[in-house]
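>>> please find the sequence and the predicted model below.
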Amino acid sequence: MALRTLLRFMIAAALLSAFGTSCTLAQNAPAAASPKQTAPKAKKKPAAAKPAAPAVPELEPKAIEILKAASDKLMTAHAVSFTAVESFESLSRHGDPLVYANRYEATLRRPDRLKVITTGDGPVSEFYYDGKAMMAYDPALDLVAISQAPPTIDAMLESAYHKAGVYFPFTDLIVADPYKDLAPSLQIAYYVGQSKIVGDTTTDIIVLGGSGVFMQVWIGAEDKLPRLVHAVYLDDPAQLRHNLMLSNWQLEPSVSEDSFSSAKAGNAKRMEFAHPHPETAPAQPAPAAKAPTKPKSAPAKPQ
């Protein structure tokens, strides 16, 4: 805030200085030339400035190499499980940010199985997808929503987001090809250095930017697995911060078929999937649409 104030002061001072100089020059200018005087030759108009060339994406090869390696590690694993702890800021009634957190236990089997158990500062919820249907279950209320779903994880995530606002903060990590999903929007990618703190291992730190999101990502130097993502949405006036810590990675775990359904949830009271904000719900996607990126402004949490 101090830096912004200083910059505004400097700009204002520069404008006042320029304005004052212009006034002084006008006051000291000679009287208009008489008819007998020779009029000064008109100066040539300066050539019109050429339009600035569009900004070239700043994609550092080393950062792209690290990002691709992490993507390849995830996309080639047939089965994956991990723990994700999300913390994010939301404005309080006083205008200062509060921090909320959620914990996700995720298990997937490509191309068409996913289970996510969510706990945290909000209500517990369970989500199941078995390649044919998706199921969202609220154990506290014993309510379940069940709907037919597309035959792949990517298409199901897209459908769940548009139909019911269902979104997981690690969506970009579990699609079929994470790098392919992120690459079209990348405008910035560079290498920062290494850390030996995050995830109790050595990580490579890269910065990624594009589509209004600025991210700092810690990726295991040896295992190539993401360990921490710090993100800011640039069109958010409050510049609220979002963090995602990833741990307990297991590649190719043994996962039974019944892990991706729940008899208890299936017997709960039924309700329809519905978008929490129907007035701003996105239009239904085409069947082949790619997985969504995170909404730029998350729904407000209760204070």
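Arrived safely, thanks for sending.
>>> any regions of this protein where pLDDT drops low?
1-57, 279-303 (pLDDT under 70).
>>> which parts of it are helices?
Under the criterion DSSP state H, the chain contains helices at 2-27, 61-75, 153-164, 171-174, 178-182, 263-266.
>>> list the buried residues for the fourth one?
Right, helix 171-174. Residues 171-174 are the ones in helix 171-174 that count as buried (16 or more other Cβ atoms under 10 Å). Quick note: C-beta positions are derived from backbone N, CA and C, even for glycine.
>>> swap in the second one?
When neighbours are counted by 16+ other Cβ under 10 Å, the buried residues of helix 61-75 are found to be 63-64, 66-67, 69-71, 73-75.
>>> return the closest of the residues you listed with respect to Lys132.
Met75 (23.0 Å; Cβ to Cβ).
>>> name the nearest residue to that closest one, ignoring sequence neighbours.
Distances taken as Cβ to Cβ, 6 or more residues apart in numbering place Asp177 nearest to Met75, at 5.3 Å, with adjacent residues excluded.
>>> and what of Ala84?
Ala84 sits nearest to Tyr104 (Cβ to Cβ, 6+ apart), 4.4 Å away.
>>> and that neighbour, how many neighbours?
21 (other Cβ atoms under 10 Å).
>>> ok, now the one 3 residues further on?
Look at Thr107: counted by other Cβ under 10 Å, it has 18 neighbours.
>>> just Ala183 next, same as before
When neighbours are counted by other Cβ under 10 Å, Ala183 registers 16.
>>> quick one, what contacts Ala221?
Listed by Cβ atoms under 8 Å, 6 or more residues apart in numbering, the contact partners of Ala221 are 194, 201-204.
>>> what do you get for Glu65?
Counted by Cβ under 8 Å, 6+ apart, Glu65 has zero contacts.
>>> can you report phi and psi for Pro139?
phi -60, psi -40 (degrees, to the nearest 10).
>>> out of everything not next to it in sequence, what's closest to it?
Val124 (5.6 Å).
>>> I'd guessed Ser92 sits against Leu98; true?
Yes: assessed by Cβ atoms under 8 Å, Ser92 is found in contact with Leu98 at 4.8 Å.
>>> quick one, which of the two is more surrounded?
Leu98 (15 against 11).
>>> that one pairs with what?
Taking DSSP bridges as the rule, Leu98 bridges to Ser90.
>>> I'd guessed it sits against Ser90; true?
Yes: the criterion here is Cβ under 8 Å, and Leu98 meets it with Ser90 at 5.7 Å.
>>> about what we covered before: which member of the buried residues of helix 61-75 is positioned nearest Ser262?
Distance to Ser262, by Cβ to Cβ, is smallest for Leu74 among the buried residues of helix 61-75, at 25.6 Å.
>>> quick one: residues contacting the residue nearest to Ala84.
For Tyr104, the contact set (Cβ under 8 Å, 6+ apart) comprises 83-86, 116-118, 168-170.
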